[in-house]
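1. quick check, what structure comes out for this input:
(2 chains)
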Number of protein chains: 2
Amino acid sequence: MARKPVQKSVQTASETPANDPKHAVRATRSAGRRMRSSLLDGASRLFKERGLAGTSISDIAAAADAFPSQITYYFRTKEALFVEAACRDMLYVAREAEQAALKAGTPRDYTRALVESVTATDSVAFFAEALTLTRRRQDLAPLVERTIERLHGEGLRAYTGQIERHGWKTLRDPDATSRRFWAVAIGVMVEGYAMGRSPEELCREMLRVLGEQATAKPASDNARLRLVGERDASTSSASEGETSS
Amino acid sequence: MARKPVQKSVQTASETPANDPKHAVRATRSAGRRMRSSLLDGASRLFKERGLAGTSISDIAAAADAFPSQITYYFRTKEALFVEAACRDMLYVAREAEQAALKAGTPRDYTRALVESVTATDSVAFFAEALTLTRRRQDLAPLVERTIERLHGEGLRAYTGQIERHGWKTLRDPDATSRRFWAVAIGVMVEGYAMGRSPEELCREMLRVLGEQATAKPASDNARLRLVGERDASTSSASEGETSS
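-> Numbers count the residues shown, from 1 in each chain, chains lettered A, B, ... in the order given. Just a heads-up that it's a prediction; the model follows:
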């Protein structure tokens, strides 16, 4: 139990005992790693159900069949555990969404599969709650920052791969497309959860707000698309109205 | 002080004593209304600085030169006051953004003015915190719901007015454009505040994620724009690839 565990899927904050690379190989199969993961699982379930204020360290320990002191050993504080559980969940949900969207044959099906997958769980709302908490707890910001970078990086990679594989044309900068996807997801979920919206309503609203991301147009149409499609307002230097004739 | 006050700019939850229309005219100039407003001002400032947990009812009472019992009389709970102060701030910020954007001569300047105005304050982050809180306090959802409806309604009205006045062409459904603006604002701010981003960074990121909303193209280009521009993924029935030749 005293061995330093390593979590494979999400990097942990540097002050936790989990981040020492010397122990990585040995720790992979260790009881410590299993305990850490089981604490994150229990925490995620309870936090999503009852929120931060409604969940105590001893509730989580009981759910994971552990002692409260193990939580403080691995995570230090309830807030740090909250943020780490939410970051892990967010990356899981992103991976599941990518998997679900792989089969899509058209840009519209691709977007729909992503959105359906993301709105089917409350992981984005959980992550948004962790973001809100982190605003007041800047000691937890490094983990959040790494999670967001990874989210955007993996989103960009998945999106670029998908449009290349199918020969689709993206309607704008792929990086901005991926960032927009997650910003819209967070915005729509935070709004929707406050109003008690169902997953179906969240899915409809997110599709509506997101709009089209790519088209299945042939390459010959590329130039016109690039001219009249959306551009990045902050980087494009062409002024409006120049493309019309 | 015992007169029922009415707040003109933001409707209050129906269970507060503030919602009785019979008293509306009389209450407009009443001391009660001023006290209520002053409590909201103090609450807004303190909550933004210190968050919900870091602010007590007696702090707010002291800031407004009032008694704690006046807060419970007007707002019942600290949480209800938090949500009402955040909703009021959000509508103020939306109005200021509209005002700031009125002078814009091009679609790009319009979007930039809106985004600069919205990212210059922490009101959107405050509102997002209220949304997160409301998820666990569904008794506060009606006020949030009215605020969001009003935000979208006024955003739609302002955007439609602006594009008509200038003869701009919207790249997509104006209602979806307005909803997207606020969803992106909430998503970008919640992310950015967690990472301690500056207003300038928030502004750049929001412009980047938002992309272009309208073009200054002449009317003759309308048909082509409609064909190749973004469509609403959830309502358009045309399939991809049909518009290319």
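
2. in chain A, which spans are helices?
-> Secondary structure of chain A by DSSP state H: the helices cover A:24-27, A:31-50, A:57-63, A:68-75, A:78-101, A:107-119, A:123-136, A:141-166, A:174-194, A:199-210, A:222-228.

3. can I get these in TSV including mean pLDDT and mean neighbour count?
-> All C-beta spots, glycine's among them, are computed from the backbone N, C-alpha and C. Output for the helices of chain A, formatted as TSV (pLDDT from 0 to 100; neighbours: other Cβ atoms under 10 Å in any protein chain shown):
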stretch	mean pLDDT	mean neighbour count
helix A:24-27	57	14
helix A:31-50	94	19
helix A:57-63	96	17
helix A:68-75	95	19
helix A:78-101	97	22
helix A:107-119	96	22
helix A:123-136	95	25
helix A:141-166	94	18
helix A:174-194	95	25
helix A:199-210	96	21
helix A:222-228	41	15
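
4. with distance to residue B:162 added, can I get the ones you listed in CSV?
-> Formatted as CSV, the helices of chain A follow (distance: least, Cβ to Cβ, whole Å):
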stretch, distance to residue B:162
helix A:24-27, 56
helix A:31-50, 41
helix A:57-63, 50
helix A:68-75, 49
helix A:78-101, 35
helix A:107-119, 28
helix A:123-136, 30
helix A:141-166, 31
helix A:174-194, 22
helix A:199-210, 19
helix A:222-228, 21
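
5. and those: which comes nearest residue B:202?
-> Residue B:202 lies closest, by Cβ to Cβ, to one member of the helices of chain A: helix A:174-194, at 11.3 Å.

6. for the closest one, name the packing helices and strands.
-> helix A:107-119, helix A:123-136, helix A:141-166, helix A:199-210, helix B:123-136, helix B:141-166, helix B:174-194, helix B:199-210 (3 or more Cβ pairs under 8 Å, 6 or more residues apart in numbering or on different chains; DSSP states H and E).

7. could you check how far that helix is from the centre of its chain?
-> Mean-position distance between helix A:174-194 and its chain equals 10 Å (Cα atoms, centre = their mean, to the nearest Å).

8. again, but for stretch A:63-74
-> Mean-position distance between stretch A:63-74 and its chain equals 26 Å (Cα atoms, centre = their mean).

9. with stretch A:40-47 instead?
-> The answer for stretch A:40-47 is 17 Å, by Cα atoms, centre = their mean.

10. same question, stretch A:75-83
-> From the chain centre to the centre of stretch A:75-83 is a distance of 18 Å (Cα atoms, centre = their mean).

11. can you check stretch A:50-70 too?
-> Offset of stretch A:50-70 from its chain centre (Cα atoms, centre = their mean): 24 Å.

12. related to what we said a few turns ago, for the helices and strands packed on helix A:174-194, give me TSV that also has distance to residue A:193.
-> Converted to TSV, these look like this (distance: least, Cβ to Cβ, whole Å):
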stretch	distance to residue A:193
helix A:107-119	11
helix A:123-136	5
helix A:141-166	19
helix A:199-210	8
helix B:123-136	4
helix B:141-166	10
helix B:174-194	12
helix B:199-210	21
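
13. who's in contact with the most centrally placed residue in chain A?
-> For chain A, the residue nearest the mean C-alpha position is residue A:90 (3.7 Å; Cα atoms, centre = their mean). Contacts of residue A:90 were listed using Cβ atoms under 8 Å, 6 or more residues apart in numbering or on different chains, and they are A:123-124, A:126-127, A:147, A:151.

14. just residue A:64 next, same as before
-> A:35, A:38-39, A:41-43.

15. tell me the contacts of the closest residue to it other than its chain neighbours?
-> Closest residue to residue A:64 apart from its sequence neighbours, by Cβ to Cβ, 6 or more residues apart in numbering or on different chains: residue A:42 at 3.9 Å. Counting by Cβ under 8 Å, 6+ apart, residue A:42 touches A:60, A:63-64.

16. looking at those residues, spot the one nearest chain B.
-> Closest to chain B out of the contacts of residue A:42 is residue A:60 (17.5 Å), distances taken as Cβ to the nearest Cβ.
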